[in-house]
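Chemist: A predicted structure for the sequence below; I have some questions about it.
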Amino acid sequence: MKSQASPSKPAIPYTTLVGQVILQHRNRRGLHQNELAGALGITQSAYSRIEKGDTTISIPQLRVMARRLGVDASVLLEEADALAKRLRAQGVEVSDEKGVHPAAILIALGILAAILAS
């Protein structure tokens, strides 16, 4: 069995940041995952993977979600960019790739939770 090398520093995929921003807006609006999933024409399970950052979304999907959340699509991306900047300032690598070491992601998620709670 091949073991993964330990991460050199915390890291998180950008898709996870976008998913967290969408999750925050959805919670503020009191919407359920299945409501946005229905608007996108996907299952709740597939929608859940978007919020977790496990899958990417298309521009049309982003626009549909933004409309349902009552914001412009640019707002969602600007907020994800702002989180990325804050995380980088804390020494977290924000990756465009999904192949980030799981331990690095867990550390980065802890830092992200602290930022979101402040």
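Modeler: Sure, I can see it.

Chemist: list the buried residues of whichever strand or helix holds A82.
Modeler: In this assignment (DSSP states H and E), A82 forms part of helix 73-89. Across helix 73-89, burial judged by 16 or more other Cβ atoms under 10 Å covers 73, 76-77, 79-80, 83-84, 86-87. C-beta coordinates here come from the backbone N, C-alpha and C atoms, glycine included.

Chemist: show the average pLDDT along it.
Modeler: For helix 73-89, the mean per-residue pLDDT is 95.

Chemist: who are the packing partners of that helix?
Modeler: In terms of contacts (3 or more Cβ pairs under 8 Å, 6 or more residues apart in numbering; DSSP states H and E), helix 73-89 is packed against helix 14-29, helix 59-69, strand 93-95, helix 102-117.

Chemist: let's go with 10 Å and repeat that
Modeler: The helices and strands touching helix 73-89, judged by 3 or more Cβ pairs under 10 Å, 6 or more residues apart in numbering; DSSP states H and E, are strand 11-13, helix 14-29, helix 59-69, strand 93-95, helix 102-117.

Chemist: format these as TSV; extra columns: mean neighbour count.
Modeler: Shown next, in TSV, are these (neighbours: other Cβ atoms under 10 Å):
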stretch	mean neighbour count
strand 11-13	22
helix 14-29	19
helix 59-69	16
strand 93-95	19
helix 102-117	15
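
Chemist: of these, which is nearest A39?
Modeler: helix 59-69 (5.1 Å; Cβ to Cβ).

Chemist: so that closest one versus helix 14-29, what angle?
Modeler: When axes from the mean of the first three to the mean of the last three Cα atoms, to 10 degrees is applied, the directions of helix 59-69 and helix 14-29 differ by 20 degrees.

Chemist: what's in contact with helix 59-69?
Modeler: Applying Cβ atoms under 10 Å, 6 or more residues apart in numbering, the external contacts of helix 59-69 come out as 18, 21-22, 24-26, 28-29, 31, 35-36, 38-42, 47, 50, 56-58, 71-77.

Chemist: avg pLDDT for that helix?
Modeler: 96.

Chemist: how far is it from where the chain is centred?
Modeler: Helix 59-69 sits 15 Å away from the centroid of its parent chain (Cα atoms, centre = their mean, to the nearest Å).
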